[in-house]
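1. Turn this into a structure:
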Amino acid sequence: MPPKPGAPLPNTALIPHTPSTRRLLSRLTKDLLLELVLSSWLDPAKTETYQPNFAPVEDEDDDDDEDDDEEGGRGIEKAREAYEAMKRRAVKGKEVVERVVEREWRDGLNLLQIAELDYSYLLSHPATHKWTASTLHPLNRPTPHTPPPTPRFHAPTFTSALAATLRPLVSTHTFLTRHPTLPLHLLRLQLHPHPPTPPLALPPPKRIFWLAFPTAAPGYVYHNIPAGGGDGLRDVVRESVAAAVSREHGRFELRASAMCARTLEALCFYRGGGGGEGGMVGVWSVYAEGVEGGPLDVLGAKRGVEVVQGEKGGEEEKRRRVAEGRFGGGARVGDGRGLESVEFVVEDVFPGDGEEGEEEEWRPSVGVKLEGAHVFAGVRSLVEAGVVFDGVKMPGWMTGEGGVSFGMVRDGVLVKRRK
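-> This is a model prediction of the structure:
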């Protein structure tokens, strides 16, 4: 029985093979694809979910037909042996893909398999998407006796509410899991036209979204839903996310913050939610280490070092310690938390020429944009080398402690954020 128009699509709904599905398979390495096939798709307890086809292939040799067992010659044990042999032999990933497409899953891949392929690629290529850290802002005005509502994320409830909110417009398929290394709930949302007409087709990338909910920061939602662009459906998805979290007497809206990154590790580090110093970065990172005392006392005890002035080794060590104090445990090459671009608009008062009667101040807008594989790691390296940046006088927004990747600086202080 076909699903109702707009109703959630089941995991077992098939998508016939196309160049797009083959591309999903080919993106994974041979080892990753074999691990997925052997650990999940050919699990004897999950054959009803992944629906492998063990019937003989029409163009197989007669010799193969003689060895067929009563399930069609390629029962689950024989199929597992074949993939295990590929794992041991020096075969190319293309051969694994061809076997998947031409044998066990020649009828197509179901929606759960499509989602798992995408999820495996996300874990092996964490910089695949551009992530935005958004906040769930309460719409209910708090009273002196009523605190503002706190968003509560319950994965099954949210998934059902999101599908129900989008149901009048599209048919949805959701894939919910936990990130293996970060304290995040991950939700993959795939949108199909309604009513869904068989055979289903894999939607374009702009109709597939990822949402991440930090378990330790319930007010944040990390997502890869682009803003603007004239795509009304994306706006509907953002509004539906907030509506799915809302409840009676506690309504929310999704507001983008001034932080974008290429990896979830970077967002968790700079915005909180685990995977780093809990959003306390730069000079504030000492508090994430569980120390006590005032900022100056802490810095003196944790970051201070005696150096011999005038000696080369002493100056190098001094710069290294200054960089450690300004950047803390972050901003290191290869730490997986890099921001590829940061941009600020500086509006400071420009010194006047001293003419009498001059009262109007001049605040020119000066754009500062830094780009690279890991911007703050590059700034830290320059501080340690004593080139360009003075680690002592450098403003905090240049070290990442503001937790933003773009914003406005006025009189040396990050006072306003803008897109």
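
2. my guess is E361 is in a helix, correct?
-> No. Read with DSSP: H, G, I helix; E, B strand; the rest coil, E361 is coil and lies in no helix.

3. Is it correct that it is in contact with V349?
-> Yes. The criterion here is C-beta atoms under 8 Å, and E361 meets it with V349 at 5.1 Å. Where you see a C-beta, it was placed from the backbone N, CA and C, and this is true even at glycine.

4. Mind pulling up the pLDDT for A90?
-> Looking at A90, its pLDDT is 86.

5. V345 too?
-> 92.

6. in which helix or strand would I find it?
-> strand 341-347 (DSSP states H and E).

7. Need the CA coordinates for that strand. CSV is fine.
-> Output of strand 341-347 as CSV, limited to C-alpha atoms (Å, rounded to 0.1, in the frame of the first residue of the first chain):
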residue,chain,number,x,y,z
SER,A,341,37.2,32.3,7.0
VAL,A,342,36.6,35.0,9.5
GLU,A,343,35.4,38.5,8.7
PHE,A,344,35.0,41.5,10.8
VAL,A,345,34.1,45.2,10.2
VAL,A,346,36.0,47.5,12.5
GLU,A,347,34.5,50.9,13.2
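
8. Taking their axis directions, the following helix or strand past that strand and strand 341-347 sit at what angle?
-> Where DSSP H and E defines the elements, the next helix or strand beyond strand 341-347 is strand 366-371. Relative orientation of strand 366-371 versus strand 341-347 (axes from the mean of the first three to the mean of the last three C-alpha atoms, to 10 degrees): 170 degrees.

9. Direction-wise, compare the very next helix or strand once past strand 366-371 with strand 366-371 and give the angle.
-> Where DSSP H and E defines the elements, the next helix or strand beyond strand 366-371 is helix 375-385. Helix 375-385 and strand 366-371 meet at an angle of 100 degrees, taking the same axes, to 10 degrees as the criterion.

10. Sort out which residues of helix 375-385 are buried, please.
-> Residues 375-384 are the ones in helix 375-385 that count as buried (16 or more other C-beta atoms under 10 Å).

11. go on, stretch 393-400?
-> Neighbour-count burial for stretch 393-400 [16+ other C-beta under 10 Å]: 394, 396-400.

12. Can you lay out those residues as JSON lines showing secondary structure, pLDDT and distance to F252?
-> Output for these, formatted as JSON lines (DSSP: H, G, I helix; E, B strand; the rest coil; pLDDT from 0 to 100; distance: C-beta to C-beta, whole Å):
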{"residue": "M394", "secondary structure": "coil", "pLDDT": "86", "distance to F252": "37"}
{"residue": "G396", "secondary structure": "helix", "pLDDT": "85", "distance to F252": "30"}
{"residue": "W397", "secondary structure": "helix", "pLDDT": "85", "distance to F252": "28"}
{"residue": "M398", "secondary structure": "helix", "pLDDT": "87", "distance to F252": "33"}
{"residue": "T399", "secondary structure": "coil", "pLDDT": "86", "distance to F252": "32"}
{"residue": "G400", "secondary structure": "coil", "pLDDT": "85", "distance to F252": "28"}
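
13. can you tell me which two in the residues you listed are farthest apart?
-> Farthest pair in those (C-beta to C-beta) is M394 and G400. Separation: 11.3 Å.

14. Quick check: which ranges of the stretch 101-250 of the chain have low pLDDT?
-> Residue ranges of the stretch 101-250 of the chain with pLDDT under 70: 142, 229-230.

15. At which residues are the strands of the stretch 101-250 of the chain located?
-> All strands of the stretch 101-250 of the chain, identified by DSSP state E, counting those that start in this stretch, fall at 109-110, 131-138, 171-178, 184-192, 208-214, 220-223.

16. Quick check, A373 in contact with G338.
-> Yes. A373 is in contact with G338 according to C-beta under 8 Å; the separation is 5.9 Å.

17. for the helix or strand harbouring R22, which positions count as buried?
-> Assigning secondary structure by DSSP H and E places R22 in helix 19-27. Neighbour counts over helix 19-27 (16+ other C-beta under 10 Å) mark 21, 24-25, 27 as buried.

18. Make JSON lines out of those residues and add pLDDT.
-> Converted to JSON lines, the buried residues of helix 19-27 look like this (pLDDT from 0 to 100):
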{"residue": "T21", "pLDDT": "95"}
{"residue": "L24", "pLDDT": "96"}
{"residue": "L25", "pLDDT": "97"}
{"residue": "R27", "pLDDT": "96"}
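
19. would you turn those into JSON lines with distance to S160?
-> What follows is the buried residues of helix 19-27, written out as JSON lines (distance: C-beta to C-beta, whole Å):
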{"residue": "T21", "distance to S160": "28"}
{"residue": "L24", "distance to S160": "27"}
{"residue": "L25", "distance to S160": "30"}
{"residue": "R27", "distance to S160": "30"}
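
20. Next, give me the two most distant ones among those residues.
-> Pairwise distances across the buried residues of helix 19-27 peak at 11.0 Å for T21 and R27 (criterion: C-beta to C-beta).

21. do you know how far the residue lying closest to R255 once chain neighbours are set aside is from E248?
-> Leaving aside its sequence neighbours, R255 sits nearest to H137 (C-beta to C-beta, 6 or more residues apart in numbering; 4.8 Å). To E248, H137 is 18 Å away according to C-beta to C-beta, to the nearest Å.

22. Can you pick out the residue with more neighbours from those two?
-> H137 (14 against 5; other C-beta atoms under 10 Å).

23. which residues sit in contact with the residue most central in space within the chain?
-> In the chain, the centroid-proximal residue (C-alpha atoms, centre = their mean) is L264; its distance is 3.7 Å. Each residue near L264 by C-beta atoms under 8 Å, 6 or more residues apart in numbering is listed here: 126, 131, 179, 182, 184, 212, 222, 275.
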